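S.K.: what follows is a predicted protein model with its sequence.
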Amino acid sequence: MTKKLLTMSSSTSPKKIRIGVMGCASVAHRYMIPAILDTQDLELVAIASRTLLKAKEYTDRFGGDAVEGYENLLNRQDIDAVYVPLPTGLHEQWILLALQRGKHVFVEKSLAMNVTSAQRMLDSAMEKRLVLMEDFMYRYHSQHRFVFEQLRQGVIGELRTLRTYFAFPPLDPHNFRYNKELGGGAILDAAAYTVNASRWFLGNDLEVGFASLFYDRKKEVCISGSAQLYSPVTGLSAFISFGFDNYYQCNYELWGNRGIIHCDRSFTPPPDFTPTVRIGLPEGMQEYTLPADNHFKKILKEFVDCIRQRQYAKHHEDLLSQSRLLTALQEKGRIQYIQ
Ligand SMILES: NC(=O)c1ccc[n+]([C@@H]2O[C@H](COP(=O)([O-])OP(=O)(O)OC[C@H]3O[C@@H](n4cnc5c(N)ncnc54)[C@H](OP(=O)(O)O)[C@@H]3O)[C@@H](O)[C@H]2O)c1
C-alpha cells in the first residue's frame with residue numbers, strides 16, 4: 001500500500017497521503033487538524049477516539065469518518081499515515097501497532113518514555129520502511145532561520161551560552177500531565193522543548209551537568225526544574241528551566257561575546273502571531289518584527305516529503321539524541337519533593 005502511495009497518478013500531481021487522527025486531543029483540534037486540512041498533499045480520512053461521540057464531535061467539525069477505538073482506525077486499508085496526539089505513555093504501544101499495520105506515523109512530542117523505548121520504535125519504523133517523525137514544529141518557524149542567520153554572520157560574536165525557559169501556571173488537576181503512567185511530568189513536556197532547542201543550537205553531544213527537579217510527592221511527577229547541559233567537545237553550555245507551576249515563559253537567549261539574541265514566544269507561536277526578536281549589542285538594542293508563520297503546516301510538509309522521498313531515517317538521529325538527553329535528565333536530576 002505504501003508503494004502505491006508513492007507512484008504518480010496519471011496527471012503530474014502525486015496522490016494525496018491519506019491520514020487518520022488517533023485521539024481527539026486539544027492540540028489536534030487547536031492546531032494540527034486545521035493544518036492537515038490546509039495541506040494539499042494530505043487528505044483527512046478519519047478521526048478516532050476512545051468514544052464514538054467524541055470522534056463524531058470532531059468529524060462534525062473537521063470532516064472524515066468518526067471511528068470508535070484506535071485499533072479500528074489502524075485496521076483501515078484506506079489510511080496511509082496516522083497523526084498520534086496521545087500522551088507519551090501510550091505512544092510505544094500504539095506506534096508499534098500502527099507501524100505493524102503499515103502506517104507512517106507523525107507523533108506528538110515527546111516520542112518516548114525513555115531512550116530504550118525510542119530505539120524500539122525507530123527500529124520498527126526502519127524495518128517496515130515507514131516514516132516516524134516527532135512534532136517539534138517550532139523548528140520550522142522562520143523566526144529561527146532569522147536567528148541562525150544572525151549567528152552565521154557573527155552579529156553577536158562567538159557564541160558563549162544559551163539560556164531557555166518554557167513553563168506555565170498549574171493545569172487542570174485531571175490533565176494527563178500529572179499522571180506518571182501516561183508519561184506525565186514536565187521533563188517529557190515543557191523541558192522537551194528546552195532540551196530540543198539546546199541541542200539545535202549547541203549540538204547533539206550535550207550531556208547533563210547538574211539538574212534540579214521538583215516533584216509532586218503524591219503524583220510522583222516532575223512539576224518543575226532546571227538544568228545545565230554542556231558539550232564535552234566544545235565546552236559550550238545551556239541553562240534550561242521548565243515547569244507546570246511557574247509564571248509563563250517561552251523563550252531562548254543566545255549570548256555571544258559581542259551581543260545577545262533574545263527570541264520570545266520561541267516554541268509555541270500560533271500561525272497568526274507576529275514574532276519579535278531582540279538583539280542587544282554594545283551600540284544598543286535592536287528589535288526585529290518578523291512575519292507570522294505556520295510551523296504546523298511546514299512540519300507536515302516535511303512529513304509528506306519524507307514519505308514521498310522514502311527518507312525513513314532522516315530524523316532518527318535527532319529523535320534518539322533528544323530521547324537520550326531527556327532520559328539522562330530524568331536519571332541524573334536531584335529530586336526535591338514540593339508537596
Ligand atoms: N506540538 C505541540 O505544540 C503540542 C502542544 C500541546 C500538546 N502536545 C502534545 O500532544 C499530546 C496531547 O496533548 P494535549 O494537551 O492535546 O492533551 P489532551 O487534550 O489531554 O489529549 C490527549 C488525548 O489522548 C487520548 N487519550 C487516550 N487515553 C487517554 C488517557 N488514559 N488519558 C487521557 N487521554 C487519553 C484522548 O483522546 P480520546 O478521548 O479522543 O481517545 C485525549 O483527547 C501530548 O503528547 C502533548 O505533549 C504538543
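M.R.: Nice, I can see it.
S.K.: switch to C-alpha atoms for all contacts and neighbour counts from now on
M.R.: Fine.
S.K.: so what's Met267 closest to, chain neighbours aside?
M.R.: Careful, residue 267 is Phe; it's not Met. With sequence-adjacent residues excluded and distances taken as CA to CA, 6 or more residues apart in numbering, Phe267 is closest to Tyr138, at 5.2 Å.
S.K.: Gly243 now?
M.R.: Closest residue in space to Gly243, ignoring its immediate chain neighbours: Ser224 at 3.7 Å, by CA to CA, 6+ apart.
S.K.: A helix includes the one you found, no?
M.R.: No. Secondary structure assignment places Ser224 outside any helix; it is strand (DSSP: H, G, I helix; E, B strand; the rest coil).
S.K.: gap between it and the ligand?
M.R.: Counting by CA to the nearest ligand atom, to the nearest Å, the separation of Ser224 from the ligand is 15 Å.
S.K.: then Ile156?
M.R.: Distance of Ile156 to the ligand, given as CA to the nearest ligand atom: 29 Å.
S.K.: and that residue, that one's in a helix?
M.R.: No. Under three-state DSSP, Ile156 falls outside any helix and is assigned coil.
S.K.: with only the CA atoms kept, save the helix or strand Ile307 falls within in PDB.
M.R.: Here Ile307, judged by DSSP states H and E, is contained in helix 295-308. Extracted C-alpha coordinates of helix 295-308, given in PDB (Å, rounded to 0.1, in the frame of the first residue of the first chain):
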ATOM      1  CA  HIS A 295       5.100  25.900  11.500                       C
ATOM      2  CA  PHE A 296       2.400  23.300  11.900                       C
ATOM      3  CA  LYS A 297       1.800  23.200   8.100                       C
ATOM      4  CA  LYS A 298       5.600  23.300   7.500                       C
ATOM      5  CA  ILE A 299       6.400  20.300   9.600                       C
ATOM      6  CA  LEU A 300       3.500  18.400   7.900                       C
ATOM      7  CA  LYS A 301       5.100  19.200   4.600                       C
ATOM      8  CA  GLU A 302       8.400  17.800   5.800                       C
ATOM      9  CA  PHE A 303       6.500  14.600   6.900                       C
ATOM     10  CA  VAL A 304       4.900  14.300   3.400                       C
ATOM     11  CA  ASP A 305       8.300  14.900   1.800                       C
ATOM     12  CA  CYS A 306      10.000  12.200   3.900                       C
ATOM     13  CA  ILE A 307       7.200   9.700   2.900                       C
ATOM     14  CA  ARG A 308       7.400  10.600  -0.800                       C
END
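S.K.: could I get the average pLDDT for that helix?
M.R.: What helix 295-308 shows for mean pLDDT is 98.
S.K.: can you list the buried residues in it?
M.R.: 295-301, 303-304, 306-308 (16 or more other CA atoms under 10 Å).
S.K.: quick one: it to chain centroid distance?
M.R.: For helix 295-308, the gap between its own C-alpha mean and the chain's C-alpha mean amounts to 13 Å (CA atoms, centre = their mean, to the nearest Å).
S.K.: that helix - contacts with which helices or strands?
M.R.: Contacting helix 295-308 under the criterion 3 or more CA pairs under 8 Å, 6 or more residues apart in numbering; DSSP states H and E are the following elements: helix 33-37.
S.K.: show residues contacting the helix it packs on.
M.R.: For helix 33-37, contacts defined as CA atoms under 8 Å, 6 or more residues apart in numbering pick out 42-44, 62, 296-297, 300.
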